[in-house]
Structures are given as C-alpha cells and as structure tokens.
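Engineer: Give me a model of this one.
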Amino acid sequence: MITLTHSRASVALHELASGSGPTLLCLHAAFGSSADFRGVAWPGRVLALDFAGHGASSRLRSGAYFPEVIALDADAALSHAGTACVIGAGVGAYVALMLAGARPSRVPAALLLPGAGLEGGGELPDFAGERDGFERWHSFGPELPGCDPAVRRLERDVRPRDYARDFALGARRLLFAEDGAPRPPWWMAARDAPAAVSAPAEPSAALAQLLASV
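Structural biologist: Just a heads-up that it's a prediction; the model follows:
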C-alpha cells in the first residue's frame with residue numbers, strides 16, 4: 001500500500017497488478033473501496049485508490065465530502081502514476097470525468113461506469129429539502145462498514161450539466177458504459193462532447209474498448 005498525503009487527508013493507493021502495458025487508475029463508487037477492482041483484467045500496472053473516508057484512507061480532517069474534495073485524492077494518485085487511463089464507478093465516474101478534463105496530458109482516456117453516488121443530489125440545489133438546514137446537513141444515519149458516515153454527502157451534492165460538459169470538452173477520450181438505464185443530466189451532457197463514445201455495459205468488454213482507445 002502506498003500512502004499519499006495532501007492538505008485534507010492521507011489516502012491509500014493499492015497496486016493490484018503489474019505489467020508492461022499502460023497504467024490503469026481505478027476510482028470506486030461511494031461506500032466502496034479499492035477492493036472493488038480486484039481481478040480487473042488489464043495488461044499494465046493497476047492502481048486502485050481508497051477515497052478519503054473509505055477503506056484504508058483517513059477521514060477528512062475538516063469540511064464535508066464533495067466530489068471536488070475527493071478529486072484531490074485522485075489527483076494525488078495520478079501524480080504518483082504519472083500517466084494513466086482511468087476507470088471510475090458511481091461518484092468515481094464523476095471524479096474520473098473531472099480528472100480527465102483537468103489533466104488531459106496525463107489521462108489519455110477514461111471509462112465511466114454506473115454505481116453508488118452517480119446521480120448526486122440532482123442538477124439544481126434542493127432548497128425545500130435543505131430548509132431544516134444544520135440538522136439535515138449533519139445527519140448521516142448509522143455507521144457504514146469501512147466508511148466515514150459523512151461520505152453520504154456524496155449522494156447530495158449538486159451536479160450541474162454545464163459544469164460536467166466543461167470537463168468533458170477538455171478530455172481526450174471518454175467512454176460511457178451504457179446499459180439502457182436512465183442516466184443523470186450531468187452524464188448526458190458530458191456524453192454529448194466530441195471526445196465521448198458509448199461503451200458496453202459489461203465491465204471487461206468496456207475495459208477492452210478503453211485499452212483499444214489508447
């Protein structure tokens with residue numbers, strides 16, 4: 001396990017496999033961990049991250065969990081990897097989009113998969129739902145195995161479509177795993193970018209397409 005430290009947390013990066021092909025960086029869904037990617041078939045080095053508040057990573061020292069915060073974790077992992085294809089599931093797919101758009105010179109392609117935290121809290125703020133303010137913000141329910149309960153905030157953040165589209169326009173190649181199920185507005189907006197293509201819903205077939213795109 002490799003420990004990476006930035007201003008908000010110490011996060012665990014796991015090397016799941018080695019090889020001579022391109023590096024793959026794996027970003028899990030909300031409430032998951034790097035263990036979700038064990039057994040991934042890839043010809044190069046496979047690195048899997050535990051986001052802050054998940055798995056072997058520390059909890060945030062201050063503030064709330066938002067995709068932009070855990071994107072710092074992913075950026076630290078990418079700095080360690082140098083250059084890597086990225087696969088993300090759920091909220092990890094949203095972070096993969098941000099990473100691919102912000103670091104196109106180091107992310108040749110990213111694969112986005114469905115999973116927990118994919119939708120967030122919708123496209124616009126829910127002012128009616130947040131009317132009870134402080135109590136709602138800090139109420140996260142019972143403990144989550146292997147997670148900080150506050151990571152449930154990752155299911156409540158706003159995901160504007162224009163914001164997602166801007167990252168998609170900066171990316172080199174984006175693959176969107178489609179299975180016919182509805183997708184949130186941010187996904188649909190990013191999928192319309194010139195760099196975007198559809199990929200199979202079956203993960204191994206989608207990974208094969210990711211590899212073929214680099």
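
Engineer: Go ahead and flag the most central residue of the protein.
Structural biologist: G92 (1.6 Å; CA atoms, centre = their mean).

Engineer: Helices of the chain, start to end?
Structural biologist: Listed in chain order, the helices of the chain (DSSP state H) span residues 67-81, 91-102, 134-138, 161-170, 185-191, 203-212.

Engineer: quick one: which of these has the weakest pLDDT on average?
Structural biologist: Of all these, mean pLDDT reaches its minimum on helix 134-138 (a mean of 49).

Engineer: for the chain, what are the low-confidence residue spans?
Structural biologist: 62-63, 126-143 (pLDDT under 70).

Engineer: can you rerun that using 80?
Structural biologist: Residues of the chain meeting the criterion pLDDT under 80: 6-8, 61-63, 124-145.

Engineer: Report the contact partners of A190.
Structural biologist: Shown in contact with A190 (CB atoms under 8 Å, 6 or more residues apart in numbering): 97, 112, 164-165, 167-168, 174, 176, 196. (C-beta placed from N, C-alpha, C; glycine too.)

Engineer: now A212
Structural biologist: A212 makes contact with no residue under the criterion CB under 8 Å, 6+ apart.

Engineer: if we go to 10 Å?
Structural biologist: Going by CB atoms under 10 Å, 6 or more residues apart in numbering, A212 touches A109.

Engineer: ditto for Y163
Structural biologist: Contact partners of Y163, counting by CB under 10 Å, 6+ apart, are 97-98, 123, 186, 189-190.

Engineer: which pair in the residues you listed spans the largest distance?
Structural biologist: Using CB to CB, the pair of the contacts of Y163 lying farthest apart is M98 and E123, separated by 16.3 Å.

Engineer: neighbour count winner among those two?
Structural biologist: M98 (24 against 17; other CB atoms under 10 Å).

Engineer: My read is that the more buried one contacts P104, right?
Structural biologist: No. Applying CB atoms under 10 Å as the test, M98 and P104 come out as separate, 11.7 Å apart.

Engineer: what's the overlap in contacts for those two?
Structural biologist: In contact with both M98 and P104: 170-171, using CB under 10 Å, 6+ apart.

Engineer: before we move on, back to that, among the contacts of Y163, find me the one that's closest to D148.
Structural biologist: Closest to D148, out of all of these and judged by CB to CB, is M98, at 21.0 Å.

Engineer: quick one: contacts for the closest one?
Structural biologist: Counted by CB under 10 Å, 6+ apart, M98 has contacts 67-68, 70-71, 74-75, 88, 110, 163-164, 166-168, 170-171.

Engineer: same deal with P114?
Structural biologist: Applying CB under 10 Å, 6+ apart, the residues near P114 are 29, 89-90, 93, 176-179, 181, 183-184, 187, 201.

Engineer: give me that answer again for 7 Å
Structural biologist: Applying CB atoms under 7 Å, 6 or more residues apart in numbering to P114 gives the contacts 89-90, 177, 181.
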